[in-house]
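Trainee: Sequence below, structure please.
(chains A, B, C and D)
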There are 2 protein chains.
Amino acid sequence: MDLRHISFRLLEVFMSVVKTGSISKTARALHLTQPTVSLQIKRLQEAVGEPLILIQQQKLTVTEAGLALFRTCQQVFGQFDDYKDFLAELRGGERGRCKIAMVNTAQYILPKLLGPYSNMHPHVELPLEIGNRAEVLARFERGEDDIYVFSHPPSLEHAKAARFLQNPLEFIVPSEHPLAAATETTLAELTNYRFLLREPGSATRMLFESELQSRGLVLSDSVQMASNEAIRVAVSSGMGVAVLSRHVLPKGDESIKVLSVSESQLASHWYFVIRTDRHLSHAARSFLQFAEHNLERFLDARWVCNELHGLDLN
Amino acid sequence: MDLRHISFRLLEVFMSVVKTGSISKTARALHLTQPTVSLQIKRLQEAVGEPLILIQQQKLTVTEAGLALFRTCQQVFGQFDDYKDFLAELRGGERGRCKIAMVNTAQYILPKLLGPYSNMHPHVELPLEIGNRAEVLARFERGEDDIYVFSHPPSLEHAKAARFLQNPLEFIVPSEHPLAAATETTLAELTNYRFLLREPGSATRMLFESELQSRGLVLSDSVQMASNEAIRVAVSSGMGVAVLSRHVLPKGDESIKVLSVSESQLASHWYFVIRTDRHLSHAARSFLQFAEHNLERFLDARWVCNELHGLDLN
DNA sequence: GTTATGTATAGGTTATTATCTATAGGTTTT
DNA sequence: AAAACCTATAGATAATAACCTATACATAAC
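Mentor: This is a model prediction of the structure:
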């Protein structure tokens, strides 16, 4: 029995012969000629090394070996049918995996989309990677994930990016801070206080620093902290002031005051980024399509900025 | 996903790629060149319509679709392995079917071989057909069975016959019969009494009648009966005399006397007959080989006549 | 920066496969 | 006895599969 000389076509023909009980009928059913079917069966028998059917007095009988092979074939084709079903689910985005790498801040907003999506597609795995900007960029370079989420457009080769949400930045001070009482203040005023900042690569920090630079301002004092949480808590306890994404701010925190800063409309955007040189997985495409159609529903509609059509998802 | 363009070879190569995690390693393992393996995988992916592996930075990863296909392949090859095992058993004669058609009288002797054989090969089906000579001949013509058992060599096309047991015929009379007392009698003497005979096709009757004819004798009276059992009982009760296979006679039946008939050595043989124009099933071959080596063990050694080597079983 | 390692692509050869038509030889039916 | 039906065989062809060598192009290792 040499599998190498057996093709699925051969098995298909054989199964039809067993089912119809006739070589001629099979030929008609499969739109072949009778000699073709005869030959196929002959070749299959040679490959198996055992007679599979017997023909006597125009009556075709299936041998033990033939019957067993038939059953084997049924199972095998069943197996492949299952696989085809699996593929269909995969292609429909109902199954599969969509790896997403996002910068720290995104974890305050992306779950609002991921949660509902995951409920609707329970068989899609959604492994998340969260890191700072540099880490996520490195992952992008190596192509480790399906979707990347940045807040600052990375201008890279092989990248396609689309904005989906505004990321308004707010200045916060402790509620007992001298500026907390003012109805409005200026950026210059703020630079007199100690700023609590994320690491240099951070999108928020980059945006903030370029804003300072364009106005010729310099911070008098700053402290670097590893997370937005840490910064928030530190501001609460009076360590300094900070600029943070609005999405990070909890509502109704009495110990923090959000300032209104004149002439400053610091705002970046959240981007979904994909690689153009790699096939987008079906699940990833499915998630992005879901996002495209449900941004307003699951995110704060005021900040939504739906440019996902730019990803050419269809 | 088009199965027609997928061969088992292709799947084998793919499985090796998944196992080794490398195209080059697979090439070395399967004694192929690397471009060959690359191409095979490419073709498989085209046939499936889905990427199965991803290669980035010389690291090969298997996609969801690839992993699922791999598992499907494992099952499929497992299925064929099972089938191979089945074939091996079939070929070893441990499994399968051996249809035997025998003339009525043979049912007194063949079970002595069939019983032990069946015990040693519990997975071999042994359907038996029992009929009179004409019926068994008809089955032979149509090739309905694997082995035929006759007691009279059928001289047919496509038949190969081998004797395995003598079939001595005995003359029996009721114990109160006039001839019962005689130490020896003659065939001519016996023709004066009413003979109970099987139907004309029966081997016993044919042999007996040709013996009569060669000696120019004619029966004065005869009655036809359908079975050996019926004849024996009829003789017991005094209806007439008969000639029967020794194998049919029960030992120690007081109501019947076996005669010693001078000048008459009526004896035929039991034959295994197979068709030369059809493959002998493995089980049938196995049974005949068993018979060849165990005739003396399970049949009365005095009558054994082992010529089964003439069937060329090996 | 050179060298090894791993993969992809192009181009070519040979064997095999999947078909066909035509024909022959059996059975069964009419 | 002829007609109808089934299967087997021979011979031919076009497509495909399964390989190869040579080469190019990345990435990783030294």
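Trainee: Am I right that A:G252 sits in a strand?
Mentor: No: applying DSSP: H, G, I helix; E, B strand; the rest coil, one finds A:G252 to be coil, outside a strand.
Trainee: Just the angle for the helix ranked longest in chain A relative to helix B:64-91, thanks.
Mentor: Longest helix in chain A, counting residues (DSSP state H): helix A:64-91. Counting by axes from the mean of the first three to the mean of the last three C-alpha atoms, to 10 degrees, helix A:64-91 points 170 degrees away from the direction of helix B:64-91.
Trainee: Do a quick rundown of the strands in the stretch 151-300 of chain A.
Mentor: For the stretch 151-300 of chain A, the strands defined by DSSP state E, counting those that start in this stretch occupy A:159-174, A:194-197, A:221-224, A:241-245, A:256-259, A:267-275.
Trainee: between those strands, which one is nearest to DNA strand C?
Mentor: Nearest to DNA strand C among the strands of the stretch 151-300 of chain A is strand A:267-275 (16.0 Å), distances taken as C-beta to the nearest atom of the strand. Placement of C-beta: from N, CA and C, glycine included.
Trainee: is it true that A:R97 touches A:L128?
Mentor: No: using C-beta atoms under 8 Å as the test, A:R97 is too far from A:L128 to be in contact (11.6 Å).
Trainee: before we move on, the earlier item: return the most buried member of the strands of the stretch 151-300 of chain A.
Mentor: Sort those by mean neighbour count, taking mean count of other C-beta atoms under 10 Å in any protein chain shown, and strand A:241-245 sits at the top with a mean of 24.
Trainee: Report the distance from that one to the chain centre.
Mentor: Strand A:241-245 has its C-alpha centroid displaced from the chain centroid by 29 Å (C-alpha atoms, centre = their mean, to the nearest Å).
Trainee: Tell me how far the residue lying closest to A:H158 once chain neighbours are set aside lies from DNA strand D.
Mentor: Nearest-residue entry for A:H158: A:D277, 4.3 Å, with adjacent residues in sequence omitted and distances by C-beta to C-beta, 6 or more residues apart in numbering or on different chains. A:D277 sits 10 Å away from DNA strand D, going by C-beta to the nearest atom of the strand, to the nearest Å.
Trainee: For A:D277, report the pLDDT, please.
Mentor: Predicted confidence (pLDDT) for A:D277: 79.
Trainee: swap in A:A203?
Mentor: Per-residue confidence (pLDDT) for A:A203: 80.
Trainee: What sits closest to it if chain neighbours are left out?
Mentor: Leaving out its chain neighbours, the residue that sits closest to A:A203 by C-beta to C-beta, 6+ apart is A:H152, at 3.7 Å.
Trainee: Can you give me the neighbour number for that neighbour?
Mentor: Using other C-beta atoms under 10 Å in any protein chain shown, A:H152 has 19 other residues around it.
Trainee: who's in contact with it?
Mentor: Shown in contact with A:H152 (C-beta atoms under 8 Å, 6 or more residues apart in numbering or on different chains): A:R133, A:A203, A:M206, A:L207, A:S268, A:Y271.
Trainee: Report the contact partners of the closest residue in space to the last one that isn't next to it in sequence.
Mentor: Nearest residue to A:Y271, sequence neighbours excluded (C-beta to C-beta, 6+ apart): A:A161, at 4.5 Å. The neighbourhood of A:A161, defined by C-beta under 8 Å, 6+ apart, consists of A:F150, A:P153, A:P154, A:Y271, A:F272, A:V273.
Trainee: Settle this for me: the second one is touching A:Y271, isn't it.
Mentor: Yes: here A:P153 reaches A:Y271: they are 5.8 Å apart, a contact under C-beta under 8 Å.
Trainee: what sits up against stretch A:300-310?
Mentor: Under the contact criterion C-beta under 8 Å, 6+ apart, stretch A:300-310 has outside partners A:160, A:162-168, A:246, A:269, A:272, A:288, A:291-292, A:295-296.
Trainee: Report the two of these separated the most.
Mentor: A:K160 and A:R246 (26.5 Å; C-beta to C-beta).
Trainee: returning to that earlier point: quick one: the longest helix of chain A near DNA strand D?
Mentor: No: remark: helix A:64-91 sits outside contact range of DNA strand D, by C-beta under 7 Å from any atom of the strand, the gap being at least 12.8 Å.
Trainee: Low-confidence stretches in the stretch 151-300 of chain A?
Mentor: For the stretch 151-300 of chain A, the stretches with pLDDT under 70 are A:263-265.
Trainee: and it, which of its residues are near chain B?
Mentor: Within the stretch 151-300 of chain A, the positions lying close to chain B (C-beta under 8 Å from any C-beta of the partner chain) are A:R278, A:H279, A:S281.
Trainee: ok, A:L266 - how many residues close by?
Mentor: A:L266 has 17 nearby residues by other C-beta under 10 Å.
Trainee: What sits closest to it if chain neighbours are left out?
Mentor: Of all residues not flanking A:L266 in the chain, A:L169 sits nearest, at 4.1 Å (C-beta to C-beta, 6+ apart).
Trainee: Distance of that neighbour relative to B:R232?
Mentor: A:L169 is 114 Å from B:R232, where distance means C-beta to C-beta, to the nearest Å.
Trainee: again with A:R232
Mentor: With the distance defined as C-beta to C-beta, A:R232 ends up 111 Å from B:R232.
Trainee: Tell me how many other residues crowd the residue of the stretch 151-300 of chain A found nearest chain B.
Mentor: Residue of the stretch 151-300 of chain A nearest chain B, by C-beta to the nearest C-beta: A:H279 (5.9 Å). A:H279 has 13 neighbouring residues, counting by other C-beta under 10 Å.
Trainee: now do A:M225
Mentor: Neighbour count of A:M225, defined by other C-beta under 10 Å: 20.
Trainee: same check, this time on A:R297
Mentor: Residues lying near A:R297 (other C-beta under 10 Å) number 11.
Trainee: Check A:N192 too.
Mentor: By other C-beta under 10 Å, the residues close to A:N192 number 12.
Trainee: what's it in contact with, if anything?
Mentor: Here A:N192 is in contact with A:S220 (criterion: C-beta under 8 Å, 6+ apart).
Trainee: go on, A:Q107?
Mentor: The contact partners of A:Q107, taken as C-beta under 8 Å, 6+ apart, are A:L128, A:I130.
Trainee: Three-state assignment for it, please.
Mentor: Assigned state for A:Q107: helix (three-state reduction, three-state DSSP).
Trainee: As a check, name the ranges of all helices in chain A.
Mentor: Secondary structure of chain A by DSSP H: the helices cover A:8-20, A:23-29, A:34-48, A:64-91, A:110-120, A:133-142, A:187-190, A:203-214, A:228-236, A:282-298.
Trainee: Check which residues of the longest helix of chain A are buried.
Mentor: Neighbour-count burial for helix A:64-91 flags A:64-66, A:68-70, A:72-73, A:75-77, A:79-80, A:83, A:86-87, A:89-91 (criterion: 16 or more other C-beta atoms under 10 Å in any protein chain shown).
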